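Enquirer: just need the structure, nothing else, for what follows:
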Amino acid sequence: MENNNNSSHTDDFSKKAVEATIKIGFLFLLLSWCFNIIQPFINPLAWGMIIAVALYPLYQRLSMALGGREKMTSTLITAVLILIIVGPCVFLADMISQNAHDLAQKLNTGTFSIPAPTKNVASWPLIGKPLFEFWHLAETNLSEALKTLAPQLKEMTKWLISSSVSTMLTIVQLLISVIISGMLLINGKAGYNLALSISKRLAGDKGEELTTLSIATIRGVARGVLGVALIQSMLAGVGFFFADIPGAGILTILCLFIAIVQLPTFILLLPVIIYVFSIHSSLFAAVFMIWMIIVGLLDNVLKPILMGRGIDLPMAVIFIGAVGGMMFSGIIGLFVGAIILALGYKLFLSWLYEQS
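Expert: Numbering: from 1, shown residues only. Here you go, the predicted model:
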């Protein structure tokens, strides 16, 4: 009898184990399918959520000013954001197209010429003499100068093509994200309740605190990234216009884009500084260089301050999370990294407190 009972228990356990395995397998398969379906939309959706969270206070104030017309407010904000993205892109594309057309026309008619280098260029340390010689060669025999740069030009052309395609895809993705953020703004309260329910389900009583922290972190990083980018580009633009640099407006917009994507602004400012040294007096160029160095280093001072403002966390946690996240997963990692490290820091403190 005991053997029969043991055999019955074994068979029952085996059936339950097989049934559980099949259920887990189907659940895993379902989750895998869902992930593959939404994978192309993960980045735009994540950006849409970040934009919506960052702009929600503005949305609320504007909605009240418009008499509670939420859909109109969302449409207005979305339209302005699309204009901000598309406007400079169209302007730059038109300028590049016009310049390329003018250049081609001058080359065809033989009227294209490169201005002669000034004597100041030859006196620059390290790069002055070779730069002066190459500049002089380009002025007198452009085709010969281009031959010496043929391998570099070939690589640069490939890089420009791949960068152009990548930039176009990024812009399209950003436009989709803006449209998604407009939809999320209308359903802001429902979205907040959903996030709150998920966080409470995962973290219990700490759920509401962690949700509030995540929202504050997104807004802090947005201030740190966009705010600093605007300040840097405006100050750089003042320098460009004061130095009477050709295309100062375009350079200001480029500086804004470079700062937003978290590249060092010195990749733009350094060539401009070199150009100013070649056309202006040494004193003027030195003052301009000091101004641009201050502009380029400004983000190191302002970013930690703006990121940490209004958040009950050490600034170092937000700053390290943002920078580390960007190094790990690109510009979106600025926000995700800061949120993850902030939540981890809070949970760690909570664990320490509960243990004591």
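Enquirer: can I see the domain layout of this structure?
Expert: Domain ranges of the chain: 47-100+117-186, 205-356, per automatic domain parsing.
Enquirer: where exactly do the helices run in the stretch 101-250 of the chain?
Expert: Applying DSSP state H, counting those that start in this stretch to the stretch 101-250 of the chain gives helices spanning 119-122, 128-140, 142-148, 150-186, 188-203, 207-222, 228-242, 248-260.
Enquirer: count of neighbours near Thr252?
Expert: Per other CB atoms under 10 Å, the neighbour tally for Thr252 reads 20. For every residue, glycine as well, the C-beta is placed using N, CA and C.
Enquirer: residues in contact with it?
Expert: 233-234, 236-237, 240 (CB atoms under 8 Å, 6 or more residues apart in numbering).
Enquirer: most neighbours among the residues you listed, please name it.
Expert: Highest neighbour count within these: Ala236, with 27 neighbours (other CB under 10 Å).
Enquirer: so, low pLDDT: which residues of the stretch 1-150 of the chain?
Expert: Where the stretch 1-150 of the chain drops to pLDDT under 70, the residues are 1-11, 13, 103, 106-107, 109-128, 136-147, 149-150.
Enquirer: so can I have CSV of the contacts of Thr252 showing distance to Ile290 and pLDDT?
Expert: Formatted as CSV, the contacts of Thr252 follow (distance: CB to CB, whole Å; pLDDT from 0 to 100):
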residue, distance to Ile290, pLDDT
Ser233, 18, 87
Met234, 18, 89
Ala236, 13, 89
Gly237, 17, 88
Phe240, 15, 88
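Enquirer: between the residues you listed, which is nearest Ala65?
Expert: Met234 (26.3 Å; CB to CB).
Enquirer: returning to what we had before: can I get the helices of the stretch 101-250 of the chain in JSON lines including distance to Gly296?
Expert: Shown next, in JSON lines, are the helices of the stretch 101-250 of the chain (distance: least, CB to CB, whole Å):
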{"stretch": "helix 119-122", "distance to Gly296": "23"}
{"stretch": "helix 128-140", "distance to Gly296": "22"}
{"stretch": "helix 142-148", "distance to Gly296": "30"}
{"stretch": "helix 150-186", "distance to Gly296": "22"}
{"stretch": "helix 188-203", "distance to Gly296": "37"}
{"stretch": "helix 207-222", "distance to Gly296": "21"}
{"stretch": "helix 228-242", "distance to Gly296": "8"}
{"stretch": "helix 248-260", "distance to Gly296": "10"}
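Enquirer: closest one to Ile293 among these?
Expert: Of all the helices of the stretch 101-250 of the chain, helix 228-242 comes closest under CB to CB, at 10.7 Å.
Enquirer: tell me the phi and psi of the spatially most central residue of the chain?
Expert: When CA atoms, centre = their mean is applied to the chain, the residue found nearest the centroid is Val261 (3.5 Å). Reported as degrees, to the nearest 10, the phi and psi values for Val261 are phi -80, psi 10.
Enquirer: thinking again about what came up before, tell me the most buried of the domains of the chain?
Expert: Most buried of the domains of the chain by mean neighbour count (mean count of other CB atoms under 10 Å) is domain 205-356; its value is a mean of 17.
Enquirer: please compute how far that domain lies from its chain's middle.
Expert: Its chain's C-alpha centre and that of domain 205-356 lie 10 Å apart, by CA atoms, centre = their mean, to the nearest Å.
Enquirer: which of the domains of the chain sits closest to Asn193?
Expert: Among the domains of the chain, if distance is taken as CB to CB, the winner is domain 205-356, at 10.0 Å.
Enquirer: so how far is Tyr345 from Leu196?
Expert: Plainly put, Leu196 is 20 Å away from Tyr345 if you go by CB to CB, to the nearest Å.
Enquirer: nearest to Val287, of the helices of the stretch 101-250 of the chain?
Expert: When the helices of the stretch 101-250 of the chain are ranked by distance to Val287, counting by CB to CB, first place goes to helix 228-242 at 9.6 Å.
Enquirer: just the CA trace of that closest one, in PDB.
Expert: Provided in PDB are the C-alpha atoms of helix 228-242 (Å, rounded to 0.1, in the frame of the first residue of the first chain):
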ATOM      1  CA  VAL A 228      23.300  73.900 -19.800                       C
ATOM      2  CA  ALA A 229      23.200  73.300 -23.600                       C
ATOM      3  CA  LEU A 230      21.100  76.400 -24.100                       C
ATOM      4  CA  ILE A 231      23.400  78.500 -21.900                       C
ATOM      5  CA  GLN A 232      26.500  77.200 -23.600                       C
ATOM      6  CA  SER A 233      25.200  77.800 -27.100                       C
ATOM      7  CA  MET A 234      23.900  81.300 -26.300                       C
ATOM      8  CA  LEU A 235      27.300  82.300 -24.800                       C
ATOM      9  CA  ALA A 236      29.200  80.800 -27.700                       C
ATOM     10  CA  GLY A 237      26.900  82.600 -30.100                       C
ATOM     11  CA  VAL A 238      27.700  85.900 -28.400                       C
ATOM     12  CA  GLY A 239      31.400  85.200 -29.000                       C
ATOM     13  CA  PHE A 240      30.800  84.100 -32.700                       C
ATOM     14  CA  PHE A 241      28.900  87.300 -33.500                       C
ATOM     15  CA  PHE A 242      31.300  89.600 -31.600                       C
END
